[in-house]
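give me the fold of what follows.
(one chain, ligands or ions: 1)
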Amino acid sequence: MSSAATATSTSSPFLAACRGEEPEHTPVWFMRQAGRSLPEYKEARAGTTMLEACRTPELVAEITMQPVRRYSTDAAIFFSDIVVPIAAIGVDIEIVPGVGPVVAEPFRSDADAKRLRNLDPCDVGYVTEAIGLLTKELGNIPLIGFAGAPFTLASYLIEGGPSRDHAKTKALMRSHPDVWHSIASRLAAICGEFLRVQVEAGAQAVQLFDSWAGALSEADYRRFALPHSTAALAGVAKSVPRIHFGVGTGHLLEAMSETGAEVMGVDFRIPLDEAAARLPGKTLQGNLDPAAILSDDEPLLAETDEVLRAGRAAKGHIFNLGHGVLPDSDPAKLKLVVDRVHEQSSREASRR
Ligand SMILES: Cc1c2[nH]c(c1CCC(=O)O)Cc1[nH]c(c(CCC(=O)O)c1C)Cc1[nH]c(c(CCC(=O)O)c1C)Cc1[nH]c(c(C)c1CCC(=O)O)C2
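As a prediction, this is how the structure comes out:
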């Protein structure tokens, strides 16, 4: 490792917390920190579709930087989407504004599984290029790369779009487990490669989003999702810290941490001290309710303090929301939270 890289990793509160070391203050970043809550994002994105934007390195770098500049977050998350690698291998998928990913021909059969060929780094050359631009601009702020987990991606491919009950996906798992495992294992290989491309280009941590895994029972999660998420994360094992996150996954925390992730994301439904008792020795990330950002300052700051207090029970704590920033959020409130987290936790650190 070069001396520059060593200096970066030792001086970053985010990377220290990932490793379970004592940072100078509690690091903070927000899922969906770049997005529709920022006027400068709306301006930069005007006239460009989401997937076109993800394929334009200068625009990706600019949008990734926007929240870092505005809020002084302790990490940047790469601006992209979980469906970018799927589109890159030629699957006809679009991101429809206000809806989400929509697939022209939903996946149902073994023949469909074969539409998922391996990802070649050249398929996503724009990702490597954008991360190259970003590592120069970010200085010692680490960049988080990410991918969607096989279950969450498979749900979009099988349902054809967003789904509340994931009924077609669950029916396919049960009736045709061989087809399911074929789709999910191909997705795991694609996700693992997508993560590797980002790390090789300069991402210093990764997050695997299994946003919809909370729809599964623990038994089904273990049988149908866990092996594939484990395989996806194995792609970058031992190279960078790996964060794993899902929504409504309180019943799955232990099972999800068996993927090997060093950091577990916790949504807002479970207090961090409870999660810490269940996952001893893990760094936790979370978990202010995104809706708290829409409230008045007083309740917002009280809840921020409570998340910090509960987070002290964990080996390491990375402050975040329990899910993504809501589009109606006022950027000034997010800035208020960042400043509060930094102030309160540096005061705490100086008392130790
Ligand atoms: C399920 C999922 C998707 N994408 C993602 C997930 C997992 C995280 C989660 O649970 O929220 C991940 C994602 N998508 C985006 C990021 C960028 C980084 C960040 O700031 O967090 C990340 C990490 C940008 C985006 N991805 C998308 C937007 C909004 C598109 C726009 O601004 O036009 C952004 C900023 C589009 C998208 N893409 C997806 C959805 C559901 C949507 C929203 C559709 C809508 O409401 O318009 C699929």
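
so what's the residue in the stretch 51-200 of the chain that the ligand sits nearest to bridging to?
Nearest to the ligand, among the residues of the stretch 51-200 of the chain, is Gly100, at 3.4 Å (Cβ to the nearest ligand atom). To be clear about C-beta, it is placed using only N, CA and C from the backbone, and glycine gets the same treatment. Beta-bridge pairing of Gly100 under DSSP bridges involves Val96.

tell me the pLDDT of it.
Looking at Gly100, its pLDDT reads 96.

so it is in contact with Pro162, correct?
Yes. Contact status for Gly100 versus Pro162: in contact at 4.3 Å, counting by Cβ atoms under 8 Å.

which residues sit in contact with the nearest residue to Glu258 once chain neighbours are set aside?
On the basis of Cβ to Cβ, 6 or more residues apart in numbering, the spatially nearest residue to Glu258 that is not a chain neighbour turns out to be Leu226, at 6.4 Å. Each residue near Leu226 by Cβ atoms under 8 Å, 6 or more residues apart in numbering is listed here: 255-256, 258-259.

what about the residue in the stretch 201-350 of the chain positioned nearest to the ligand, neighbour count?
Here the stretch 201-350 of the chain gets closest to the ligand at one residue, Ser211, 3.2 Å apart by Cβ to the nearest ligand atom. The criterion is other Cβ atoms under 10 Å. On that basis, Ser211 has 22 neighbouring residues.

can you tell me how far it sits from Ser155?
Ser211 sits 9 Å away from Ser155, going by Cβ to Cβ, to the nearest Å.

now do the spatially most central residue of the chain, the pLDDT please.
The residue at the geometric middle of the chain, judged as the C-alpha nearest the mean C-alpha position with Cα atoms, centre = their mean, is Gln207 (4.3 Å). The pLDDT attached to Gln207 in the predicted structure is 98.

report the secondary structure element holding it.
Counting by DSSP states H and E, the element that carries Gln207 is strand 205-209.

please apply the same query to Leu336.
With elements taken from DSSP H and E, the one containing Leu336 is helix 331-351.

quick one: distance of that helix to the chain centre.
Using Cα atoms, centre = their mean, to the nearest Å, the distance from the centre of helix 331-351 to the centre of the chain it belongs to is 22 Å.

same deal with stretch 234-254?
Between the centre of stretch 234-254 and the centre of its chain there are 9 Å (Cα atoms, centre = their mean).

quick one: buried residues of it?
For stretch 234-254, burial by neighbour count (16 or more other Cβ atoms under 10 Å) applies to 235-236, 240-249, 252-253.

report the two of those separated the most.
Val240 and Gly248 (26.8 Å; Cβ to Cβ).

list the buried residues of stretch 264-275.
When burial is assessed from 16+ other Cβ under 10 Å, stretch 264-275 yields the following buried residues: 264-268, 270-272, 275.

what residues are bridge-paired with Leu288?
Judged by DSSP bridges, the bridge partners of Leu288 are Leu321.

ok, it touching His317?
No. Proximity of Leu288 to His317 does not meet the contact threshold set by Cβ under 8 Å, at 12.0 Å.

more neighbours: these two, which one.
Taking Leu288 and His317 together and counting by other Cβ under 10 Å, His317 has the greater number of neighbours (28 against 23).
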